[in-house]
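Q: A structural model of the following input is requested.
(chains A, B, C and D)
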4 protein chains.
Amino acid sequence: MKFNLGCQLNYSISTPSTLIFNICAAKNNYQNILQETIKFEPSLDYEEYISPVLENRYLRVNAPEGDLQVSYQATVELSYLDEDPNSIAEVAPAELPLDKLHYLFPSRYCQSDRLMRLAQQEFGKLQPGYSRVTAICNWIYDNVTYLSGSTNSQTSAFDIVTERAGVCRDFAHLGIALCRALNIPARFVSVYSHQLQPPDFHAVFEAYLGDRWYLFDPTRLAPLEGMIRIGTGRDAADISFATIFGAAQMQDMTVFIDCLEGKSPTFTTDAIATRSL
Amino acid sequence: MKFNLGCQLNYSISTPSTLIFNICAAKNNYQNILQETIKFEPSLDYEEYISPVLENRYLRVNAPEGDLQVSYQATVELSYLDEDPNSIAEVAPAELPLDKLHYLFPSRYCQSDRLMRLAQQEFGKLQPGYSRVTAICNWIYDNVTYLSGSTNSQTSAFDIVTERAGVCRDFAHLGIALCRALNIPARFVSVYSHQLQPPDFHAVFEAYLGDRWYLFDPTRLAPLEGMIRIGTGRDAADISFATIFGAAQMQDMTVFIDCLEGKSPTFTTDAIATRSL
Amino acid sequence: MKFNLGCQLNYSISTPSTLIFNICAAKNNYQNILQETIKFEPSLDYEEYISPVLENRYLRVNAPEGDLQVSYQATVELSYLDEDPNSIAEVAPAELPLDKLHYLFPSRYCQSDRLMRLAQQEFGKLQPGYSRVTAICNWIYDNVTYLSGSTNSQTSAFDIVTERAGVCRDFAHLGIALCRALNIPARFVSVYSHQLQPPDFHAVFEAYLGDRWYLFDPTRLAPLEGMIRIGTGRDAADISFATIFGAAQMQDMTVFIDCLEGKSPTFTTDAIATRSL
Amino acid sequence: MKFNLGCQLNYSISTPSTLIFNICAAKNNYQNILQETIKFEPSLDYEEYISPVLENRYLRVNAPEGDLQVSYQATVELSYLDEDPNSIAEVAPAELPLDKLHYLFPSRYCQSDRLMRLAQQEFGKLQPGYSRVTAICNWIYDNVTYLSGSTNSQTSAFDIVTERAGVCRDFAHLGIALCRALNIPARFVSVYSHQLQPPDFHAVFEAYLGDRWYLFDPTRLAPLEGMIRIGTGRDAADISFATIFGAAQMQDMTVFIDCLEGKSPTFTTDAIATRSL
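A: Here you go, the predicted structure:
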């Protein structure tokens, strides 16, 4: 499938500031960026840094006082693997590739160490495998209310599991924390998400099963097949779409994604996997 | 039923200290104290304060450096009311006696304001009444592991609901917080508890239903009929068995309670209510 | 001094709801209510409950679907005691009237048990007495930024001491928690506050020193002499100006207070005490 | 300087378990491992994984039921750089190498996002540079009590900043969180520490200043020059000396480190830097 996507962010900057953006589609073996444009208004030099392994793309600009507009647009060809969920097993710690180990550790927003018993009680007796992570997503969907504005940038999985309301990033954090508490490596993914209403950046998560990472979205707000990866991290702390050092106030933001070619993605019960990331 | 009960507490005091004990059986219309003795060794004057309404008995001593032994023994006749659980309704906020209102508010260890959604999701659709509080107790019993040493004096219902392990005071705090989150007044009760093994101070809770307070024990560790009330409060903060100002270290503690007369209490499905407290 | 004060609260009610207001000036030996009116629009019966000891006035109405307007107006004569701060001592736990004991215990928003060491480090070596509570207020004023909208109804002293921003209720909670951590009984007071800009309900705290309660306001936003007490409690949990059971949405609120007679209150370095509350 | 160091860990394993150890001295350009032995008793195959960039060494064994003894011993030559603290500047976000960016982000135990205002108030006006990180360490030393057993594996910088007691890992977490809150990249380092009494694994932290990482130890328990690096991570979550999957109970542990050659390390006011890690 081919998508046209992007965003436009407007800031009002009151003192010279450094801004680091993570808004570009990741380049990897299942996301082919056919064309893209990044534009700063006023025109500014920027530095791009692509992190090793995860290939997150960070853009740094040093912006003067005044207005700043950041525009990103890309055409991306996407080719997830579809697999049969029933064939996908969990990997025991005895056999886990050790470069995945740190995705078992707790992080700022995913305090898996504090959810061990809860995870065991709710999911400990289920058949290990893809279906168990699906059960986690279903539990979150059934027990947590999606409620705009109910949480903030400090809200963590530990809060959400009790307070039971949140937005996509909170849903993803809770999914990650529960997976890790069951010894399933899990991580946070930010995406452009086709059919998400209203259009916005979206957050989902990946669990490492079998021999690769599989995408999960406990919000059920949009099809997994229509998600273009931006960033990958332990949790939202790693891949804010904008990290600001200085005094910059966001004025408004638009996000868009259209399907250019191929049938429009639909909800599926298949497992959606990246090829090898 | 008649019980012989008491405790002995030994402290090592390194600087002159003030200690306030809440270890005496409460005097009220269903607990008749036939005889009691309080002894401090070395002999010390003490001041007794009985709080209004709740009738908690606080003993204050100012103890010099050295060893301190506190001994309490009492013979108490107990006469709870047994009622048919099916006849006991919840009281709507529209009709709640307003002197019970503050038992709906959150407290140090019972942050009911943060458990509103969870309480609604788990118990919101159940039939209101005594059976709903029983359902809360069953949920706690099923989902929280009783584990000595798993928590400390700072642990609250908010922690327990996620961490899923605790001791009697944690079970009671969670019961209270869930009740309050459903607009059921609830409070903390410390007791001498017959048949509790190993013997110790015990903590349970009360919910206000119909026109009186009913006892609940989500730990299921001992029969409600064998519980002699010591203190009543919003949560454990109000009725520590010992509040210490200074440098006093507990060396050891024994608690005892024997049934002197009447058939030994047994577990019951009846509702256990105080007469009018 | 004589004040004219009151408030008007407008709600939109979507299902029949019970509302409990704590907005009336307290009647006590230093607040003489010369005249007052309470009006509900549409006209509704209400029940008033005055709590023992603290004399908080709670008004309960059961409101139908639709708009609800609550108007309160009163003329109040106020006569605080002014005292010389230098003459006011702390009361050791050995001598504290035991009916003040529970104001030493931690509460929902004032987790004094977790601030013990911090309180000792910052204030432990200061001369006990009125001036030490003033030092606490100064520390809060110097270290916490008053910032509208920075906190919410779940924010507690434990959060504020680290996050260092809040509103009047947060300032009061932190003052209370630090006092209790130093064994100084402290409690929360809601007031109509003359000269507060913009006009709003205000929150301050009281510490028990010598033989009575003294008012403190770490926000320094208005003179203590111009504060008309509404409610008194362990913390904000006890005396919300409105507790809502049901689905009522506040539309807007106005609060007013004018000095009718006597010189307008001014900031003072004297200690402001209630007569005997 | 040359050191002989190591540890011996004894476990009792009740079901076959996977254990992952991070106890080996790191191999890098300032730590030359002249010789080392790793021994499992009973003899077991192990897999070693060395993480990219940080070069943490993880050993995985799958252990059967029964006793397990892990012994590690190494001879290591150490050559930190000594530098003049006055010459070491902070690096503005505008110029920070972007591969250091993620050490500015909050992590499980270092919630820098919640300490922003506190860090600004305490350290915001100090001259940026090495001396500012020293000021952070001094503040921690002065305000936090080192107290064995006062914290547990869930305790974070957010807790410590208020509760003011902890052990070496807590001191390091707080140092890291405060640095990050000031936009100074910081990370956690576990070490064998010469002259630490009693001998144990030790935890310190590094801040990125100028063009490299500098070691800091807010506990002041041992000289920085005598520290042999084991692991490096965002916080303690990344580099537990033992991560256990299964049911293994530690029975006892010994840690040792002796200076073989060169003058014994002493406390110094110089800055201790790694060459290029």
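
Q: Strands along chain A, start to end?
A: Per DSSP state E, chain A carries strands over the ranges A:2-21, A:31-41, A:47-50, A:57-63, A:66-78, A:81-83, A:145-146, A:165-166, A:186-193, A:201-209, A:212-216, A:227-233, A:242-261, A:271-273.

Q: can I get these in a markdown table with mean neighbour count and distance to chain B?
A: Where C-beta positions appear, they are placed from N, C-alpha and C, glycine not excepted. Shown next, in a markdown table, are these (neighbours: other CB atoms under 10 Å in any protein chain shown; distance: least, CB to the nearest CB, whole Å):
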| stretch | mean neighbour count | distance to chain B |
| --- | --- | --- |
| strand A:2-21 | 19 | 32 |
| strand A:31-41 | 14 | 36 |
| strand A:47-50 | 13 | 37 |
| strand A:57-63 | 20 | 33 |
| strand A:66-78 | 18 | 36 |
| strand A:81-83 | 14 | 33 |
| strand A:145-146 | 15 | 7 |
| strand A:165-166 | 22 | 6 |
| strand A:186-193 | 27 | 18 |
| strand A:201-209 | 25 | 19 |
| strand A:212-216 | 21 | 21 |
| strand A:227-233 | 24 | 23 |
| strand A:242-261 | 15 | 29 |
| strand A:271-273 | 23 | 28 |
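
Q: Could you write out the alpha-carbon coordinates of stretch A:111-123 in PDB?
A: Below are the C-alpha coordinates for stretch A:111-123, written out as PDB (Å, rounded to 0.1, in the frame of the first residue of the first chain):
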ATOM      1  CA  GLN A 111       6.600   0.200  35.600                       C
ATOM      2  CA  SER A 112       6.300  -3.500  34.900                       C
ATOM      3  CA  ASP A 113       8.000  -4.300  38.200                       C
ATOM      4  CA  ARG A 114       4.900  -3.100  40.000                       C
ATOM      5  CA  LEU A 115       2.400  -5.000  37.800                       C
ATOM      6  CA  MET A 116       3.900  -8.500  38.200                       C
ATOM      7  CA  ARG A 117       1.100  -9.900  40.400                       C
ATOM      8  CA  LEU A 118      -1.700  -8.300  38.500                       C
ATOM      9  CA  ALA A 119      -0.300  -9.600  35.200                       C
ATOM     10  CA  GLN A 120       0.000 -13.000  36.600                       C
ATOM     11  CA  GLN A 121      -3.500 -13.000  38.000                       C
ATOM     12  CA  GLU A 122      -5.200 -11.700  34.900                       C
ATOM     13  CA  PHE A 123      -3.100 -13.400  32.200                       C
END
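
Q: Quickly check: that stretch near chain B or not.
A: Yes. Using CB under 8 Å from any CB of the partner chain, stretch A:111-123 reaches chain B at A:114-115, A:117-118, A:121.

Q: Looking at the stretch 51-200 of chain A, what residue ends up closest to chain D?
A: Of all residues in the stretch 51-200 of chain A, A:Leu98 sits closest to chain D, at 3.5 Å by CB to the nearest CB.

Q: With adjacent residues omitted, what lies nearest to whatever residue of the stretch 151-277 of chain A ends up closest to chain B?
A: When scored by CB to the nearest CB, the stretch 151-277 of chain A has A:Arg164 as its residue closest to chain B, at 3.7 Å. In space, and not counting its chain neighbours, A:Arg164 is closest to B:Arg117: 3.7 Å by CB to CB, 6 or more residues apart in numbering or on different chains.

Q: Run through the residues that contact that neighbour.
A: The contact partners of B:Arg117, by CB atoms under 8 Å, 6 or more residues apart in numbering or on different chains, come to A:145, A:163-165.

Q: Tell me what the residue most central in space within chain A is bridged to.
A: By CA atoms, centre = their mean, chain A has its centre lying nearest to A:Val189, at 2.0 Å. A:Val189 has these beta-bridge partners by DSSP bridges: A:Val204, A:Thr232.

Q: now it: how far from A:Leu215?
A: Going from A:Val189 to A:Leu215 by CB to CB, to the nearest Å gives 7 Å.

Q: Mutual contacts of the two, please.
A: By CB under 8 Å, 6+ apart, A:Val189 and A:Leu215 have these common neighbours: A:204-206, A:227.

Q: ok, now which ones touch the residue nearest to A:Leu59 when sequence neighbours are not counted?
A: Using CB to CB, 6+ apart and skipping residues adjacent in sequence, the residue nearest A:Leu59 is A:Phe21, 4.5 Å away. With contact set as CB under 8 Å, 6+ apart, A:Phe21 has these partners: A:9, A:58-61, A:70, A:241-242.

Q: Please tell me the pLDDT value assigned to A:Arg275.
A: Note for A:Arg275: predicted pLDDT of 63.

Q: Where do the domain boundaries of chain A fall?
A: Per automatic domain parsing, the structural domains of chain A span A:2-79+A:245-255, A:81-238+A:264-273.

Q: wait, which of these is closest to B:Lys125?
A: domain A:81-238+A:264-273 (13.3 Å; CB to CB).

Q: picking that back up, so who does the residue of the stretch 151-277 of chain A closest to chain B touch?
A: So A:Arg164 contacts A:143-145, B:117-118, B:121 (CB under 8 Å, 6+ apart).

Q: who's the residue of the stretch 101-250 of chain A at minimum distance from chain D bridged to?
A: Nearest to chain D in the stretch 101-250 of chain A, going by CB to the nearest CB, is A:Phe245, at a distance of 3.9 Å. Per DSSP bridges, residues listed as beta-bridge partners of A:Phe245: A:Thr18.
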